[in-house]
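S.K.: Sequence plus the predicted model coming up.
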Amino acid sequence: MFKTDSNVLDVMLQGMRQATEANFKLQQDLLRGWTRYWPGFTARPVAPMVDPESGLANPISAAALRLAKAQRQLAMQRYDGALAAMDSVLGLTEEAEAGSAAPASETPTKTAVPPSGAVQPPNETTNTSEQGQTEMITKAPEPELQAAPELPMGVYKNIREKVAVVTGAASGIGEAVARELAARGAKAVMLVDRSDSVQELAKSINESAGREVAEAKMGDTTDEAFRKRVFNEAAEKYGIVSICVPAAGITRDALAVTINKETGRAQIYPTETFRQVTEVNLIAPIYWGIEMVARIAEDRRQRGLKRWDPDELIQGVVVFLGSVSSQGNKGQISYAVAKAGLEGAAATLTKEAIFHGVRCGIIHPGFTDTPMARALGQDFLDKNVLPYTQLRRLIKPEEIADAICFMISNSAVSGELWADAGWHGPA
């Protein structure tokens with residue numbers, strides 16, 4: 001640090017440096033420990049302000065942030081005070097050595113210290129011990145602490161810096177969910193769809209986000225090999241997937257039994273069509289969700305972890321796309337069965353997957369303004385849908401996406417969420 005013949009001075013300065021380091025570490029630990037149990041004073045902790053893996057701040061209440069910022073400023077003041085004291089000692093030492101005839105190459109130089117309260121940019125840090133402390137300060141989440149109070153409570157929780165998979169992402173609810181996840185800070189969103197329009201969607205999302213966050217994956221969601229490949233590629237490039245919204249779906253609507261007016265013979269809904277609808281709308285979504293749970297379970301075992309503990313952060317979230325048709329809807333025998341089946345799957349995985357720290361839920365949208373709903377025709381909507389909806393309009397895909405992100409963000413939300421706009425269908 002500098003040259004001196006005084007062992008006493010060396011010991012004093014070393015002690016001051018150690019005390020400063022200990023003080024800063026104490027303040028940092030207090031900050032994290034305090035926010036860990038906010039809000040409330042219960043024995044069950046919530047997510048810490050600073051994510052230990054990403055280093056990013058989780059938005060909490062404005063009051064909490066003000067307190068946290070004040071505590072951090074206190075630590076900065078104490079640290080600056082210690083630096084000022086060291087500066088004084090360094091000045092005395094330089095005066096005492098002023099008469100020495102040391103060569104220019106051996107003349108000690110004092111490391112520049114930023115002014116009180118200032119934070120040195122990371123790219124200007126050096127390897128000296130003083131600058132090492134300054135580097136520690138720059139890694140504190142000051143920018144996030146300033147921005148977070150402007151955000152709604154929990155708007156980024158369980159989404160920011162997470163890797164997500166969304167199927168049926170090329171249009172409708174899937175597209176809206178993908179856009180919303182990217183806007184809320186997801187690290188990566190894998191856009192899965194069999195339509196090539198998903199490529200343009202990825203470009204659009206990346207342009208809007210100002211970063212490379214969306215990646216298109218074209219394929220059939222019922223293809224097991226394709227499903228595994230998507231998860232493998234996501235894990236290799238971005239990290240383990242922890243958000244799964246399998247939104248891909250089809251409709252093949254027809255009455256279960258119809259009578260031929262000419263022959264009088266009954267016609268039954270085709271078996272192959274029934275299988276096709278349930279394969280896409282029921283079996284495939286379940287296995288996309290199970291795939292993510294399995295990957296998280298393996299990852300935890302490799303890290304020596306077993307049963308998830310409430311003190312840990314939530315490891316992942318699956319949100320299935322149900323429908324008001326799960327309660328039965330005329331002309332949708334196969335679609336209604338598939339959506340009702342997802343209720344049972346979500347309820348079962350809710351009980352099973354939490355062992356690995358994964359939450360599962362299902363949202364039941366009402367008639368939403370998607371290509372699937374528009375295919376019914378405006379006359380049908382005007383006669384059979386809008387009169388039985390309290391809002392007297394179709395739901396916007398963005399409204400469903402917001403509700404899904406709410407389910408992901410709020411760990412207390414599990415089971416089923418109805419977003420039907422007051423739908424009460426006719427008999």
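M.R.: Yep, that arrived. Residues are numbered from 1 along each chain as shown.
S.K.: for residue 416, helix, strand, or coil?
M.R.: Of the three states, residue 416 takes strand according to DSSP: H, G, I helix; E, B strand; the rest coil.
S.K.: got a list of what it touches?
M.R.: 322, 343, 346, 361-364 (CB atoms under 8 Å, 6 or more residues apart in numbering). For the C-beta atoms, the positions are set from N, CA and C on the backbone; glycine is no exception.
S.K.: Walk me through the domains of this structure.
M.R.: 7-150, 163-419 (automatic domain parsing).
S.K.: Out of those domains, name the one with the poorest average pLDDT.
M.R.: Mean pLDDT values for the domains of the chain show the minimum at domain 7-150, a mean of 50.
S.K.: Touching, residue 381 and residue 367? I think so.
M.R.: Yes. Using CB atoms under 8 Å, residue 381 is in contact with residue 367, at 7.3 Å.
S.K.: any common contacting residues for those two?
M.R.: 373, 394.
S.K.: what helix or strand does residue 345 sit in?
M.R.: helix 333-353 (DSSP states H and E).
S.K.: Can you tell me which helices and strands that helix packs against?
M.R.: Counting contacts by 3 or more CB pairs under 8 Å, 6 or more residues apart in numbering; DSSP states H and E, helix 333-353 packs against helix 271-278, helix 284-302, strand 316-321, strand 358-365, strand 415-419.
S.K.: out of the ones you listed, nearest to residue 334?
M.R.: Of all the helices and strands packed on helix 333-353, helix 271-278 sits nearest to residue 334, with 3.8 Å by CB to CB.
S.K.: contacting residues around residue 386?
M.R.: 392-394 are the contacts of residue 386 under CB under 8 Å, 6+ apart.
S.K.: Provide the backbone phi and psi angles at the nearest residue to residue 391 once chain neighbours are set aside.
M.R.: Once flanking residues are discounted, residue 391 sits nearest to residue 421: 4.4 Å by CB to CB, 6 or more residues apart in numbering. With angles defined as degrees, to the nearest 10, residue 421 sits at phi 60, psi 30.
S.K.: Surely residue 421 touches residue 395?
M.R.: Yes. Contact criterion CB under 8 Å: residue 421 and residue 395 qualify, at 5.0 Å.
S.K.: tell me, what's touching these two both at once?
M.R.: In terms of CB under 8 Å, 6+ apart, residue 421 and residue 395 are both contacted by the residues 366-367.
S.K.: rewinding a little: nearest to residue 286, of the contacts of residue 416?
M.R.: Using CB to CB, the contacts of residue 416 come closest to residue 286 at residue 346, 9.0 Å.
S.K.: related to what we said a few turns ago, ok, the contacts of residue 386 vs residue 177, which is closest?
M.R.: For the contacts of residue 386, the nearest to residue 177 is residue 394 (17.1 Å; CB to CB).
S.K.: give the contact list for that closest one.
M.R.: 367-369, 373, 381, 385-386.
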